[in-house]
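Undergrad: could you look at this predicted model? Sequence included:
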Amino acid sequence: MEMEKLGDGEDSLMLNGSVSESLNTDRVTLEDGYDAEEPCSQEQEGFLQHVSSQKTQFTDFEGKTSFGMSVFNLSNAIMGSGILGLAFAMSNTGVILFVILLISIALLSSYSIHLLLKCSGVVGIRAYEQLGQRAFGSVGKILAALIITIHNVGAMSSYLYIIKYELPLVIQAFLGLTEPTGDWYLNGNILIIIVSILIILPLALMKHLGYLGYTSGFSLSCMVFFLCAVIYKKTVISCPLNATHTEHHVYTNGNSTTEESCTPKLFTVNTQTAYAIPIIAFAFVCHPEVLPIYTELRRATKKRMQNVANVSIFAMFVMYLMTALFGYLTFYGEVDSEMLHTYNKVDPLDKLVLSVRLAVLVAVTLTVPVVLFPIRRAIQQLLCPGQDFRWWRHILIAVCLLITVNLLVIFIPNIKDIFGVIGSTSAPSLIFILPSIFYIRIVPKEKEPLFSRTKIQAALFATLGFVFMIMSLSFMIVDWVTTGRSNMGGH
């Protein structure tokens with residue numbers, strides 16, 4: 001296999017030629033400029049591979065996804081249903097504290113991706129599960145695969161829950177119906193099955209994640225439309241809210257008549273403030289998708305992929321900030337944890353709001369296939385590492401995953417708390433803990449001693465992840481005990 005420098009210094013090495021897979025151990029020259037023993041068992045979708053004495057031809061493509069399409073895919077992976085709860089988070093932290101938290105989490109997420117890419121460059125691996133194996137053996141591989149699977153199944157389920165409950169209401173409103181009729185096309189369980197079969201499954205059967213760049217771009221455009229509508233609604237909805245009414249509904253609240261309720265707060269601390277931090281933190285979870293997108297990036301180098309990540313995080317930071325700010329300045333303390341519900345209280349038949357809800361539905365629907373790819377990759381790493389690509393296996397895993405998620409959404413009506421626990425454990429693991437401990441274990445002591453500045457930073461980063469995890473779980477337990485319900489939001 002021929003190696004070719006791409007000009008980005010020691011962080012810019014790419015392997016060209018035929019892509020091969022092997023379970024053998026080879027001596028290879030790595031991105032960071034030294035040799036290491038490297039197990040070459042890789043997943044099929046274009047990971048960096050190395051020549052071994054027993055080639056196993058898996059696929060013969062090298063990364064062909066453009067920089068822009070990669071940005072679309074990663075941005076779509078970052079953009080989750082949590083954007084609907086950011087205005088609620090701002091109302092419970094205040095504008096300045098929210099901005100500080102948002103900037104901090106965005107920077108921490110970028111640093112986390114830097115650690116992942118650094119580990120990938122050191123050992124020539126672009127699979128999260130294989131990084132786990134390199135760091136801690138089979139236990140690390142299984143742990144990484146399970147965390148990715150659990151987190152992304154939870155994310156897929158949250159998106160399908162939005163479809164289940166919002167799509168019937170949108171159809172009902174567009175048909176001009178004031179009450180549900182019981183017809184099949186207003187049954188959320190039937191609708192998620194139809195959407196899964198007709199839209200999600202065909203996209204999930206794409207061979208390579210890069211092909212979803214176009215649908216990711218369209219999904220993001222739907223969220224831009226949502227942002228534009230939020231900004232516009234700020235100009236037409238008066239404060240207090242009981243000053244805005246239609247013949248259909250008057251939304252009143254005893255506290256809305258005071259001048260204080262229409263004044264933005266810069267710093268706020270209340271019983272709901274604790275939930276704001278996890279909501280903001282989990283809004284930037286995209287780490288299971290980083291390495292698959294890196295795999296398919298054209299002219300892939302660590303520097304180029306870091307630029308993809310930075311552009312994506314910055315774009316989502318701007319969208320998050322604008323959505324939260326204008327949503328909060330519209331409703332102030334009256335904003336719901338799901339912002340679209342607040343607009344619905346003002347005027348349930350507002351055509352613009354209905355269009356926005358439809359756009360959000362399209363966005364979350366097109367995000368599901370992007371989230372499914374890392375789960376399939378993790379399952380294949382566990383069950384059939386190093387095997388040739390097979391369409392039947394590619395299709396079977398996607399079908400089984402969609403059936404499982406649909407059954408969860410249909411038969412477990414109160415799954416919010418379960419996913420809250422999953423999100424409180426898997427998200428900090430993916431953002432903070434795993435990238436840090438992988439970095440400490442994988443980067444050789446000869447290159448960076450254990451007590452070097454970078455490894456100490458990584459250790460502190462992992463500690464922060466444990467703090468987030470313990471804090472999130474503690475707040476949820478206290479909330480369950482005191483109120484019997486959970487207000488946890490997330491990605």
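TA: Yep, it's here.
Undergrad: measure how far the longest helix seen in the chain is from the centre of its chain, please.
TA: Secondary structure of the chain per DSSP state H: the longest helix is helix 128-174. Relative to its chain's centre, helix 128-174 lies at 9 Å (Cα atoms, centre = their mean, to the nearest Å).
Undergrad: now swap in stretch 105-116 and tell me
TA: Stretch 105-116 sits 14 Å away from the centroid of its parent chain (Cα atoms, centre = their mean).
Undergrad: can you name the next helix or strand after the longest helix of the chain?
TA: Going down the chain from helix 128-174, the next helix or strand is helix 188-195, by DSSP states H and E.
Undergrad: tell me which residues are up against the next helix-or-strand element following that following helix.
TA: Using DSSP H and E, the helix or strand that follows helix 188-195 in sequence is helix 201-204. The contact list for helix 201-204 (Cβ atoms under 8 Å, 6 or more residues apart in numbering) reads Leu212, Thr215, Leu366, Val368, Pro369, Leu372, Phe373, Ala398, Val399, Leu401, Leu402. C-beta here means a position set from N, CA and C on the backbone, and glycine is covered the same way.
Undergrad: related to what we said a few turns ago, avg pLDDT for the longest helix of the chain?
TA: Averaged over helix 128-174, pLDDT sits at 85.
Undergrad: hmm, back to that, next step: the contacts of helix 201-204 restricted to helices.
TA: When DSSP H defines the helices, the subset of the contacts of helix 201-204 inside them is Thr215, Leu366, Val368, Pro369, Leu372, Phe373, Ala398, Val399, Leu401, Leu402.
Undergrad: returning to what we had before: now the longest helix of the chain and helix 188-195, what's the angle there?
TA: Compare the direction of helix 128-174 with that of helix 188-195 by axes from the mean of the first three to the mean of the last three Cα atoms, to 10 degrees and you get 120 degrees.
Undergrad: which other helices and strands contact helix 128-174?
TA: strand 35-39, helix 95-123, helix 188-195, helix 287-296, helix 351-383, helix 391-411, helix 416-428, helix 434-442 (3 or more Cβ pairs under 8 Å, 6 or more residues apart in numbering; DSSP states H and E).
Undergrad: point out the most buried one among those.
TA: When you average the neighbours per residue for each of the helices and strands packed on helix 128-174 (mean count of other Cβ atoms under 10 Å), helix 287-296 leads with a mean of 26.
Undergrad: hmm, back to that, out of the ones in helices among the contacts of helix 201-204, the closest to Thr235 would be?
TA: The shortest gap between Thr235 and any of the ones in helices among the contacts of helix 201-204 belongs to Leu366, at 29.1 Å (Cβ to Cβ).
Undergrad: quickly note the distance from the closest one to Ile199.
TA: 8 Å (Cβ to Cβ, to the nearest Å).
Undergrad: ditto for Met90
TA: Relative to Ile199, Met90 is positioned 32 Å away (Cβ to Cβ).
Undergrad: and those two? Which one has more around it.
TA: Taking other Cβ atoms under 10 Å, Met90 and Ile199 do not tie; Met90 has more neighbours (31 against 17).
Undergrad: would JSON lines of the ones in helices among the contacts of helix 201-204 with pLDDT and distance to Ile410 be doable?
TA: As requested, these are arranged in JSON lines below (pLDDT from 0 to 100; distance: Cβ to Cβ, whole Å):
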{"residue": "Thr215", "pLDDT": "79", "distance to Ile410": "25"}
{"residue": "Leu366", "pLDDT": "86", "distance to Ile410": "21"}
{"residue": "Val368", "pLDDT": "88", "distance to Ile410": "16"}
{"residue": "Pro369", "pLDDT": "87", "distance to Ile410": "20"}
{"residue": "Leu372", "pLDDT": "88", "distance to Ile410": "18"}
{"residue": "Phe373", "pLDDT": "85", "distance to Ile410": "23"}
{"residue": "Ala398", "pLDDT": "91", "distance to Ile410": "18"}
{"residue": "Val399", "pLDDT": "93", "distance to Ile410": "16"}
{"residue": "Leu401", "pLDDT": "92", "distance to Ile410": "15"}
{"residue": "Leu402", "pLDDT": "93", "distance to Ile410": "12"}
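Undergrad: in a markdown table: these, plus distance to Lys118.
TA: Converted to a markdown table, the ones in helices among the contacts of helix 201-204 look like this (distance: Cβ to Cβ, whole Å):
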| residue | distance to Lys118 |
| --- | --- |
| Thr215 | 30 |
| Leu366 | 31 |
| Val368 | 30 |
| Pro369 | 29 |
| Leu372 | 27 |
| Phe373 | 23 |
| Ala398 | 31 |
| Val399 | 36 |
| Leu401 | 30 |
| Leu402 | 34 |
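Undergrad: out of the residues you listed, who's nearest Lys233?
TA: The closest of those to Lys233 turns out to be Leu366 (Cβ to Cβ; 23.9 Å).
Undergrad: thought the closest one was touching Ser221?
TA: No - with contact defined as Cβ atoms under 8 Å, Leu366 does not reach Ser221; the gap is 10.3 Å.
Undergrad: how many residues are close by Leu169?
TA: Close neighbours of Leu169, defined as other Cβ under 10 Å, add up to 18.
Undergrad: spatially, what comes nearest to it if we skip its sequence neighbours?
TA: Arg357 (7.5 Å; Cβ to Cβ, 6 or more residues apart in numbering).
Undergrad: pLDDT at the one you found, what is it?
TA: pLDDT, Arg357: 86.
Undergrad: which residues sit in contact with it?
TA: Glu166, Leu169, Val170, Leu340.
Undergrad: mind redoing it with 6 Å?
TA: For Arg357, the contact set (Cβ atoms under 6 Å, 6 or more residues apart in numbering) comprises Glu166, Val170, Leu340.
Undergrad: separate out the buried members of these.
TA: Neighbour-count burial (16 or more other Cβ atoms under 10 Å) applied to these gives Glu166, Val170, Leu340.
Undergrad: now distance to Phe317 too, for those residues, in TSV please.
TA: TSV is the format used below for the buried ones among the contacts of Arg357 (distance: Cβ to Cβ, whole Å):
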residue	distance to Phe317
Glu166	26
Val170	29
Leu340	21
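Undergrad: closest to Ile96 among the residues you listed?
TA: Nearest member of those to Ile96, counting by Cβ to Cβ, is Leu340, at 25.9 Å.
Undergrad: for Pro278, see how far away that closest one is.
TA: Between Leu340 and Pro278 the distance is 21 Å, computed by Cβ to Cβ.
Undergrad: next one: Ala204
TA: 28 Å.
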